[in-house]
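Novice: build me a model:
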Amino acid sequence: MMSTLFPRQSTRRSPWAQALVCALLLGAQPLQAQTGAAAAAQASAAQTSKDPRTGLVTLRFHDVALRDVFDLLSRQEKANILLGKGVDGQVSINLYNVTVDQAVRSVAEAAGFAVEQHHGSYLIVDRKEVGQESANGATVVRSYKVQYSNPKQVADILGKHLSRYGKVTPLVERNLLLVEDTPEFQARVAQLLDEIDQEPRQILIEARILEITLDQSETFGVDWSQVFGAGNKSSGGTQGLASPASAGLFFNIVNRNLDLYLSALSSKGRVQTLSTPRLLALENQQASAVIGDRVGYKVTTTINQVTSETIQFLDTGVILQVTPSVDQRGRIMMQIHPEVSSATMNGGIPSKKSTEVTTRLLCEDGQSIFIGGLIKRTSGVRRSGVPVLGDVPMLGRLFSSQEDTFATTETVVVITPRIVSGAAQTQLAVPAEALKPVASPLGQGSLRLDMAEPTF
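Specialist: Next up is the predicted model:
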């Protein structure tokens, strides 16, 4: 009996097959781990919750598309949220216990967009398009009245303190400002405008400009340090600028010694009152008083072979220019320019001789300041002779004589500033008679300086 034997197939795998199976088994475990990590990361990137009692929501998003965030809010809170053209991007936020309105606005602001409400719906638009689709947007428009300042300058200042949505437009002719911004910044603009556009103070400036004739012992001017030295109760001032050894300016605070000294000089006829102006000036505004003449002269101008003539004027006489300001302590700072000048014409060309000074000083309210040391020397010819015979041509020299004269004078200025407050005091500050020429009191042989209650 014959039997056929088939060889038994071996189940043993080759080494290459075993290596391939091991590789497949080892690779399956990392793929499962990666899939689970991605799902966990996606779940942790967007987490929302809502308190059922208060209705407040909590949002935690990390690098999530802006459209997905608003889509989630819209579905969860049943809110109508419309996205404008170009609203896209990624956002990462963490909000805890906020209302739906706060959540929508916070997400849009974090992504660089603005929120407008249109028919009960939220409209997310670009910041440049705010207010173009709805009047109930993020900004409001208000007008402000500028009363005391320059509207254009105020607009430039306020423009630096607006939000990214803000815009200011000045109406210079009407002193108005149109400001468009969020309500929070509108309140900031109103506060800044109240601080900037404040009512300016008014300062009453009383001045006396006197001219003192010097004698031979006072070649370099009056030694004012001696006048103010004895019994001087001044709290400040500068002394010694005009001493017998050197000429110069002298500044000091007026005291009783000056009144007595000028009264003594006026009794000898050596004091002449040039002007007693009384000015009411606004703070930081220049006030000027001119008592004198305006000398006119021709000015010829040639442009492109075309010649034109104009008349210009030169102010001469007694001129006082004052620019006052008040600091926070109620002290008055003044920029003062007194001038005593005269003009002559020579061949149509004016020539001006002046004694002037420009200075800036600080004093208390109602305190009188003295400025001296403005020395002027003049020369002339004095002729005397027998009446009638002295005027006969050729023979008049036998009955007359001429003498060269020289005179030295010193101009002094006494200024008293006072802060005027209230409309009633403003009306009484400048009486009508102060606008008329004031006669010099030297005709009575005395000069009175009463700094508490000035008299004219």
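Novice: pLDDT-wise, which helix or strand of the protein ranks last?
Specialist: When each helix and strand of the chain is scored by mean pLDDT, DSSP states H and E, strand 237-238 comes last, with a mean of 40.
Novice: who does residue 311 bridge with?
Specialist: Using DSSP bridges, the beta-bridge partners of residue 311 come out as residue 298.
Novice: that one: how many residues sit nearby?
Specialist: Look at residue 311: counted by other Cβ atoms under 10 Å, it has 8 neighbours. Heads up, the C-betas are built off the backbone N, CA and C, glycines and all.
Novice: quick one: it from residue 296, how far?
Specialist: 5 Å (Cβ to Cβ, to the nearest Å).
Novice: helix or strand: which one has the residue nearest to residue 286 when sequence neighbours are not counted?
Specialist: Among residues not flanking residue 286 along the chain, residue 323 sits closest, at 4.5 Å (Cβ to Cβ, 6 or more residues apart in numbering). For residue 323, the host element (DSSP states H and E) is strand 306-326.
Novice: name the residues of the next helix or strand after that strand that are buried.
Specialist: Next along the chain after strand 306-326, taking DSSP H and E as the criterion, comes strand 332-346. For strand 332-346, the neighbour count (16 or more other Cβ atoms under 10 Å) marks 332-334, 336-343 as buried.
Novice: reformat these as TSV; add distance to residue 380.
Specialist: Compiled in TSV, the buried residues of strand 332-346 are given as follows (distance: Cβ to Cβ, whole Å):
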residue	distance to residue 380
332	41
333	41
334	36
336	31
337	28
338	24
339	22
340	17
341	18
342	13
343	17
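Novice: tell me what residue 180 is bridged to.
Specialist: Going by DSSP bridges, residue 180 forms beta bridges with residue 141, residue 167.
Novice: picking up where we left off before, show me which of the buried residues of strand 332-346 is closest to residue 213.
Specialist: The nearest member of the buried residues of strand 332-346 to residue 213, counting by Cβ to Cβ, is residue 340 at 13.9 Å.
Novice: and the closest one, how close does it get to residue 375?
Specialist: Counting by Cβ to Cβ - residue 340 and residue 375 are separated by 11 Å.
Novice: quick check: neighbours shared by these two?
Specialist: Residues touching both residue 340 and residue 375 by Cβ atoms under 8 Å, 6 or more residues apart in numbering: 355, 411.
Novice: in the stretch 101-250 of the chain, which spans are strands?
Specialist: 114-118, 121-125, 140-145, 167-171, 176-181, 202-213, 237-238, 250-253 (DSSP state E, counting those that start in this stretch).
Novice: now the angle from the fourth one to strand 176-181?
Specialist: Orientation note: strand 167-171 sits at an angle of 170 degrees relative to strand 176-181 (axes from the mean of the first three to the mean of the last three Cα atoms, to 10 degrees).
Novice: run through who's touching strand 167-171.
Specialist: So strand 167-171 is contacted by 151-152, 154-155, 158-159, 162, 176-181, 189 (Cβ under 8 Å, 6+ apart).
Novice: list the buried ones in that strand?
Specialist: Quick answer for strand 167-171 (16+ other Cβ under 10 Å): 168, 170.
Novice: and if you look at stretch 145-162?
Specialist: Quick answer for stretch 145-162 (16+ other Cβ under 10 Å): 146, 151, 154-155, 158-159, 162.
Novice: could you list the low-pLDDT ranges of the stretch 101-250 of the chain?
Specialist: 131-138, 219-220, 226, 229-250 (pLDDT under 70).
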